[in-house]
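Participant: I would like the atomic coordinates for the input below:
(chains A, B and C)
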Amino acid sequence: MTEGADGGRDAGLGERLYGLVAQLAAAPVRSITGDGVRAALDLVQKALAGAAVPFEVHEVPSGTPVLDWTVPKEWNVRAGYLVGPDGARVADVADHPLHLLGYSVPTRARLRLDELREHLFSLPDRPDWIPYRTSYWNENWGFCLPDTVLRALPDGEYEVVIDTSLEDGSLTYAEIVLPATEPGEPGEPGEPGEFLVTTHVCHPAMANDNGSGIAVLTELARHLAALPSRRHTFRLLFIPGTIGSITWLARNRDLVGRIRHGLVLTGLGDRSAFTYKRSRRGDSTVDRAAAVALAESGAEHRLVDFSPYGYDERQFCSPGFDLPVGRLGRGQHGDYPEYHTSADDLAFVTPESLAGSFAVLTRIIDICERNAVWRNTSPYGEPQLGRRGLYRAIGATMNRQAIEMGLLWVLNLADGSRDLLDIAARAQLPFDAVTAAVDALAGVGLLAGEPKGSA
Amino acid sequence: MTEGADGGRDAGLGERLYGLVAQLAAAPVRSITGDGVRAALDLVQKALAGAAVPFEVHEVPSGTPVLDWTVPKEWNVRAGYLVGPDGARVADVADHPLHLLGYSVPTRARLRLDELREHLFSLPDRPDWIPYRTSYWNENWGFCLPDTVLRALPDGEYEVVIDTSLEDGSLTYAEIVLPATEPGEPGEPGEPGEFLVTTHVCHPAMANDNGSGIAVLTELARHLAALPSRRHTFRLLFIPGTIGSITWLARNRDLVGRIRHGLVLTGLGDRSAFTYKRSRRGDSTVDRAAAVALAESGAEHRLVDFSPYGYDERQFCSPGFDLPVGRLGRGQHGDYPEYHTSADDLAFVTPESLAGSFAVLTRIIDICERNAVWRNTSPYGEPQLGRRGLYRAIGATMNRQAIEMGLLWVLNLADGSRDLLDIAARAQLPFDAVTAAVDALAGVGLLAGEPKGSA
Amino acid sequence: MTEGADGGRDAGLGERLYGLVAQLAAAPVRSITGDGVRAALDLVQKALAGAAVPFEVHEVPSGTPVLDWTVPKEWNVRAGYLVGPDGARVADVADHPLHLLGYSVPTRARLRLDELREHLFSLPDRPDWIPYRTSYWNENWGFCLPDTVLRALPDGEYEVVIDTSLEDGSLTYAEIVLPATEPGEPGEPGEPGEFLVTTHVCHPAMANDNGSGIAVLTELARHLAALPSRRHTFRLLFIPGTIGSITWLARNRDLVGRIRHGLVLTGLGDRSAFTYKRSRRGDSTVDRAAAVALAESGAEHRLVDFSPYGYDERQFCSPGFDLPVGRLGRGQHGDYPEYHTSADDLAFVTPESLAGSFAVLTRIIDICERNAVWRNTSPYGEPQLGRRGLYRAIGATMNRQAIEMGLLWVLNLADGSRDLLDIAARAQLPFDAVTAAVDALAGVGLLAGEPKGSA
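Facilitator: Okay, here's the model as predicted:
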């Protein structure tokens, strides 16, 4: 992989990402199970048509024990609306997927407004927006609507029509596996490690959370499939939040030990600064790579420590697994008012933000692909570089002093105790200056381990 | 233990503490041995009458080798005064215990003023105060007096009457042991650890140093004895400074290994900010508990690193023992002018300061009692909390978000490598939010180890 | 060793150092091999006449493999000048050693100015100075001259006369070994460790880089030879840069393991602040000693981390050796405009700077000589110092409180895990307060290990 952070060079990328976000926003209501998920996965698969990406859809039956949980009943929606005393529809899931409380049980009732109120949800602070609410694990039903509408409801009798089903079925998720084309790290010949990238697919309608994550992960599949070589096996998951990652972990416990790096993608389309949330370990390779990629990008960003609140990193970073999985996004959940409301719409995301997120994501992956532990094969004194024509071999692709210092730093620090990210940090050099030095030195046998690309 | 830091809720506490300080200030002169110590210990014992506190007085004979030292001869005072040329008494220990140099040897002499001067001590900078001076290990005698008095002394012959005895006898100290009522930490079933709290009893008259320490330790005995349960054995020592801790350590070397936490109490009644001096280890549980208790208290305070200068922590923290013993006080020795003078009197201390110190002390102990290392029994993915009704089980005794975050943080970090103080620090949560989460989680079996109170 | 940092007390020191710098500046051109090096070493040896310093000159034949390198052919200069169209000499090595490109191959040619230009070197930014240039490993020839001269050269034919020889011969360096007179550190009775101090001798003419280093190292030999005792064996090297240290390392690999401390000396005569460059390890004893010596000196200074760019520390700190070798100097290479030009002349250095550098150097060595790990032999409680008369035994040579605190700190921290530099840092005491405490405590048997000077 050699692209670096300028994913933006693909002129159509931002528009292609935005287009998929728009399709997902217009798709029928979806939740953690049901045909809505399947419809979203269909859109992903269609977007990848012709890209030679193996796309596998898994169906896990309701009732299957998964870690401490159980796969729930499958939820499907035929109709869901509330009719006012005057016969007009106050809220209808056909108008907006957020109008129906997620996982609302089948209900037909006639209620007075005062009886109905505990089933109605609004945002008094944002009176024109519809909130996003669900009740997965406590059987309930309800409608979400703008506070202006709620407040104007007249007394009288309302008719509740919720034509849903909550029955044994299955939980649906999709998995893309792109195998490594090379052995593992230099000097570590065994099975290649895995790089896990996941996104949640359960949130209906909303563009940033998480149409943007689904679109970026889809595009990532296309990108990775097209690479001439891969040092890691890449595993991309499109899963319902929480129960999806738990289900996947339960079904793949033998595989977990191979995961060297991981990223949860969420909220990548809004205009905010980037947020990278470190893995529980705090200094995993992916954490250090993300810090470098974001610093290099020049984009505003913040690095936050792990906390057990957020998205699926909670499961991957639970203490029993403790996987090196961070989370990449822009505005953090709860930090922007549009979060989990109808205002998280297509106007809230931009092609440029989506493309910029894709560029940072691929740069993080690129760094993890290149990072390795090397060993100077001539560690006693400096090797005579001039004799090997090293200064000239590299060319003038970057600042000459950075190149020469890169050679000296790599020779000095490549003692088997540090990886290239460590060396770049200690040397205060760009990561690419270090990898350029590694390529040059490995090319003349001054570093041990198979040079990248030799497999 | 469940009180927390509001020791002040006991309305009479401050007055009771102040009352004992006053009794100790009015008691006869005392030093590191002799009847003065016994009289002070009698006052303590009387103050605890009816409190079901086992109070044991130890007498260790003069000449007993204790570590690198030897128990000194016992010193007792019948009279000590200096008569001027005009027949008036210039200084009399009967007027103020500080007038006589501590451990003055028996002396009867008639001396000219110029011969006498090397035996007279005053504070030119604080001309109205009597300094506190002793000469334990070099035989000497002398009088301490206000500089104004010293400077006004006329020439002529003075009569020295020091009717003391310095003879084989014993060193006296008292010990209160309140055994643990529960096994040790969860998951650590062996013998309960000990919590050592000590104070020096050798300083005569002075209210802050150390009537306040004696009074607070006395009250602590009453408090601990009344607790429904104790997870540590508490050992409270009323000892002469330096030689007392050395003597106790020499006689209890087999016991030292059981000490998990310790505090030296001194200077707890003045109006200054709190000072907590860390143990030599610097991050002992008691050090971290004190930092939390003081931060929680909202009181002004400073945390200072260990140094080998101060009170009996010097002995407990000598490198051979290196016990986790910190020191709690307010104004530090030497930092306030009243230190070791007659101005350290009853006006210098207040009931409020004494009660506030007691509250912090009991909170530190409470935190050490509750602190433990737990292990998440369901560490793979998050356990399903809703199914266990955990959110509701806790009640609304504190901020709801703190409770929920407490549950998530404890589950995530309880991997056996961190104690609750570590978890609270990492989670930036109140210690009580963490213990509330522990209680809830242990109650449904999600944490390993015997939940507190199950013994 | 007891001098401390006041090397300046030797009134003639600065002038003596400056005198040797002047002799070296006036010596014939020299490079990494050849008679110029031998002439410089002769000056050093003459300067040490009568000082009882064993001075050994080594000759290593051309073609000898040394680590990854080969000892080059020997270079000697009989003449080197450039004659202009008018017959006048434009540049002549007889006028200034920098006029001739170092390692210029024998050349006789007549060239037009445009053909000649690639062999002429100047400094456009500093038009009156002659630059210092060499071409050791690529055969070449050339002249260095002021830019004003270069720009004024008329067109026409020039005559190149370079009467040098580049033939099999040898590489020359000198070594002074002053054996330890005492066993190693207290409690570590084996073979004494070595202290390596080196300087490069290959730079011609220039006063600061590196006449100053040669002069200071020469004077250090005299100083160390005169010491009443040495706890380390001192090994002083006068070597050509890079290839000299590589050659020495190649020939002394069995000896490398004995090196406990090392310093590379360079640029010690200019008026800039001190620069100490840490060893690759970053916290070697010499690194910590240098920090203390420089802080004590009150002189402006900066401590910089190791980087693999600079002088011979690059070789000593290559990862295979990773020796505890730092570098002491004033202005850093490249940070001052006079660096590697004819402006690095006798006006650029001062006797005071040279003497001040010598004082810091000997203080660093002194601290390393005194530093040791001791163990309190009475670690349980404080030992009774009064009984041993310790307070008085030390005298009033320094602040009394520092002495008493020194005793307490050393007793408390001398647990075998810290050296005296660690203890001084933790105690925030002067290093000499700590060593005074050690001397006093060791004198009464309270510290384990042979007290210094007992061998």
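Participant: so who does the residue of the stretch 351-455 of chain A found nearest chain C touch?
Facilitator: Closest residue of the stretch 351-455 of chain A to chain C, Cβ to the nearest Cβ: A:Pro379 (3.3 Å). All C-beta atoms are positioned from the backbone trio N, CA, C, and that covers glycine. Neighbouring residues of A:Pro379 by Cβ atoms under 8 Å, 6 or more residues apart in numbering or on different chains: A:Leu411, A:Asp415, C:Ser318, C:Pro319, C:Gly320.
Participant: Among those, which lie within helices?
Facilitator: Per DSSP state H, helices hold the following members of the contacts of A:Pro379: A:Leu411.
Participant: My reading is that the residue of the stretch 351-455 of chain A closest to chain C is in a strand; is that accurate?
Facilitator: No - assessed with DSSP: H, G, I helix; E, B strand; the rest coil, A:Pro379 is coil; it does not lie in a strand.
Participant: coming back round to it: where's the dip in pLDDT among the contacts of A:Pro379?
Facilitator: For these, the weakest pLDDT value sits at A:Asp415, with 93.
Participant: I'd assumed A:Arg375 was in contact with it.
Facilitator: Yes - using Cβ atoms under 8 Å, A:Asp415 makes contact with A:Arg375 at a distance of 6.7 Å.
Participant: starting at the chain centroid, how far to stretch A:69-77?
Facilitator: 23 Å (Cα atoms, centre = their mean, to the nearest Å).
Participant: number of nearby residues for the closest residue to chain B within the stretch 151-300 of chain A?
Facilitator: Residue nearest to chain B within the stretch 151-300 of chain A: A:Ile246 (4.7 Å; Cβ to the nearest Cβ). By the criterion of other Cβ atoms under 10 Å in any protein chain shown, A:Ile246 has 27 neighbours.
Participant: follow-up on the earlier one: would you turn the contacts of A:Pro379 into JSON lines with distance to B:Pro131 and neighbour count?
Facilitator: Converted to JSON lines, these look like this (distance: Cβ to Cβ, whole Å; neighbours: other Cβ atoms under 10 Å in any protein chain shown):
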{"residue": "A:Leu411", "distance to B:Pro131": "68", "neighbour count": "26"}
{"residue": "A:Asp415", "distance to B:Pro131": "63", "neighbour count": "17"}
{"residue": "C:Ser318", "distance to B:Pro131": "64", "neighbour count": "27"}
{"residue": "C:Pro319", "distance to B:Pro131": "63", "neighbour count": "19"}
{"residue": "C:Gly320", "distance to B:Pro131": "65", "neighbour count": "15"}
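Participant: Quick one: the contacts of A:Pro379 as TSV, columns for distance to A:Asp335 too.
Facilitator: Shown next, in TSV, are the contacts of A:Pro379 (distance: Cβ to Cβ, whole Å):
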residue	distance to A:Asp335
A:Leu411	45
A:Asp415	43
C:Ser318	49
C:Pro319	45
C:Gly320	51
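Participant: Show the pLDDT at the residue of the stretch 151-300 of chain A closest to chain B.
Facilitator: A:Ile246 carries a pLDDT value of 98.
Participant: beta partners of A:Val304?
Facilitator: As for beta bridges, A:Val304 partners with A:Lys277 under DSSP bridges.
Participant: List the contacts of it.
Facilitator: A:Thr275, A:Tyr276, A:Lys277, A:Arg278, A:Gln332.
Participant: Settle this for me: the last one is touching A:Thr275, isn't it.
Facilitator: Yes - between A:Gln332 and A:Thr275 there is a contact at 5.0 Å, judged by Cβ under 8 Å.
Participant: where's A:Pro127 relative to A:Arg151, distance?
Facilitator: Distance from A:Pro127 to A:Arg151, counting by Cβ to Cβ, to the nearest Å: 8 Å.
Participant: Please say which of those two ends up with more neighbours.
Facilitator: Counted by other Cβ under 10 Å, A:Pro127 and A:Arg151 do not tie: A:Pro127 has more neighbours, with 13 against 10.
Participant: So A:Phe195: helix, strand or coil?
Facilitator: A:Phe195 is classified as strand under three-state DSSP.
Participant: count of neighbours near the closest residue to it other than its chain neighbours?
Facilitator: Of all residues not flanking A:Phe195 in the chain, A:His232 sits nearest, at 4.2 Å (Cβ to Cβ, 6 or more residues apart in numbering or on different chains). For A:His232, the neighbour count with other Cβ under 10 Å is 25.
Participant: Over to A:Gly156?
Facilitator: 10.
Participant: Ok, A:Asp155 next?
Facilitator: Number of residues near A:Asp155 (other Cβ under 10 Å) recorded here: 9.
Participant: list the contacts for it?
Facilitator: Contact analysis of A:Asp155 by Cβ under 8 Å, 6+ apart lists A:Pro85, A:Arg112, A:Leu113, A:Asp114.
Participant: Filter those residues down to the ones in strands?
Facilitator: Mapping those onto strands (DSSP state E) picks out A:Arg112.
Participant: just the contacts of A:Asp155 that are near chain C?
Facilitator: Checked against chain C using Cβ under 8 Å from any Cβ of the partner chain, the contacts of A:Asp155 give no members in range.
Participant: Make CSV out of the contacts of A:Asp155 and add pLDDT and neighbour count.
Facilitator: What follows is those, written out as CSV (pLDDT from 0 to 100; neighbours: other Cβ atoms under 10 Å in any protein chain shown):
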residue, pLDDT, neighbour count
A:Pro85, 97, 15
A:Arg112, 97, 12
A:Leu113, 97, 16
A:Asp114, 96, 8
